[in-house]
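Asks: Fold the following, please.
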Amino acid sequence: MQRDVVVLVEHRTHEVESITYQMLAAGRELANGLGGQLLALVLGHELSRITEGLRDKGMDKILVVDEPALSRNGAEAQSYVITEVVRRTEPRLVLVGYSLVGMELAPAIAAKLGAPAMTNCIGIELREGSLVVTRPLFDGTMHAQILLDDSAPVVVALQKGMTPSIPAAAKTAAVEPLHVDLQNISFRGRLLEIIEEPASGIDISKAEVIVSVGRGIGDKEKLSIIQALADALGGVMACSRPVVDVGWLTRDRQVGSSGKTVAPKVYIACGISGASQHLSGMSESRRIIAINKDANAPIFQVAHYGIVGDLFAIVPALTAAAKKQ
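Replies: Down below sits the predicted model:
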């Protein structure tokens, strides 16, 4: 049985995404436990800057597929290449981040391999030589632990923020170029353009105080009361994914597995139920204050202080108190 762990490297504009280092940390621990190697897989074109930046980050080997066609084709081509590499290397585990990239690629890779895919996981560990994943159920109110079959490879997508980033390693990883022929493959779609959403000009990941809002606010016009509290505290306003999905705030304000990971001194969650995807992006905050009318909301499980009540009464009161300080 193969014991290696393959981690997919996410990168953008020649920079490695932070979620990759978290996957490498998890992969390093698992590879050590399995007695195998940690392999980082990098796809794309003109990748020298990416590979050089990864060589001291704890993996045993960096597998590089540098093909011009990968810069023109999207997830369909990427999943094809990843599948070909996995068939050659025969690892025990393929580990990806549960990001916008991983959400699309994990099921596609698994389908091509005929392997199971476990997505939206918040943990993965070895128990007596077998892999066990933990994933949330019922909007994060319960967790399921699932023992994976040892006889087949498995694709696991792990949420952002669930493991610390990997420290620099003493040794330098070898780089192994691989070729996957894409010339005669007909893909149904190709990448035409990347359209960036207008940014607000605020980096929530650097804020010391964040006042975050969910769909519980009910109306875009009512966001002003959240902004007022953020201003009074010298902080910034952020949000959960549903607020972005309906177009009330831009994606650079989103906290969670498909947004940004934050760890401010104070995080105030207003009208946020606490889905696991959101919790993964803010659970390392030093002080979490939750305001929600639902006493059973999952957000209270991670909050240091909780207020059960109407945010339209509580938030203005907090704003008035902050202005008096």
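
Asks: all strands for the stretch 51-200 of the chain, in order.
Replies: 61-66, 93-97, 117-121, 123-127, 130-137, 142-147, 154-158, 174-177 (DSSP state E, counting those that start in this stretch).

Asks: Spatially central residue in the protein, please.
Replies: Nearest residue to the geometric centre of the chain (Cα atoms, centre = their mean): Lys160, 3.2 Å.

Asks: Surely it is in contact with Val101?
Replies: No: counting by Cβ atoms under 8 Å, Lys160 stays clear of Val101, with 11.3 Å between them. (Glycine included, C-beta is placed from N, CA and C.)

Asks: Turn the strands of the stretch 51-200 of the chain into TSV, including distance to Val9.
Replies: TSV is the format used below for the strands of the stretch 51-200 of the chain (distance: least, Cβ to Cβ, whole Å):
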stretch	distance to Val9
strand 61-66	8
strand 93-97	10
strand 117-121	18
strand 123-127	18
strand 130-137	21
strand 142-147	26
strand 154-158	14
strand 174-177	12
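
Asks: can you put these in JSON lines and add mean neighbour count, distance to Arg12 and mean pLDDT?
Replies: Converted to JSON lines, the strands of the stretch 51-200 of the chain look like this (neighbours: other Cβ atoms under 10 Å; distance: least, Cβ to Cβ, whole Å; pLDDT from 0 to 100):
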{"stretch": "strand 61-66", "mean neighbour count": "20", "distance to Arg12": "16", "mean pLDDT": "94"}
{"stretch": "strand 93-97", "mean neighbour count": "27", "distance to Arg12": "13", "mean pLDDT": "94"}
{"stretch": "strand 117-121", "mean neighbour count": "19", "distance to Arg12": "21", "mean pLDDT": "91"}
{"stretch": "strand 123-127", "mean neighbour count": "15", "distance to Arg12": "25", "mean pLDDT": "91"}
{"stretch": "strand 130-137", "mean neighbour count": "17", "distance to Arg12": "26", "mean pLDDT": "89"}
{"stretch": "strand 142-147", "mean neighbour count": "11", "distance to Arg12": "31", "mean pLDDT": "88"}
{"stretch": "strand 154-158", "mean neighbour count": "27", "distance to Arg12": "18", "mean pLDDT": "94"}
{"stretch": "strand 174-177", "mean neighbour count": "12", "distance to Arg12": "20", "mean pLDDT": "93"}
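
Asks: how about these, which one is nearest Pro316?
Replies: strand 130-137 (32.8 Å; Cβ to Cβ).

Asks: Not counting the closest one itself, show me its contacts.
Replies: For strand 130-137, the external contacting residues (Cβ atoms under 8 Å, 6 or more residues apart in numbering) are 30, 92-93, 118-126, 142-148, 150, 154, 156, 276.
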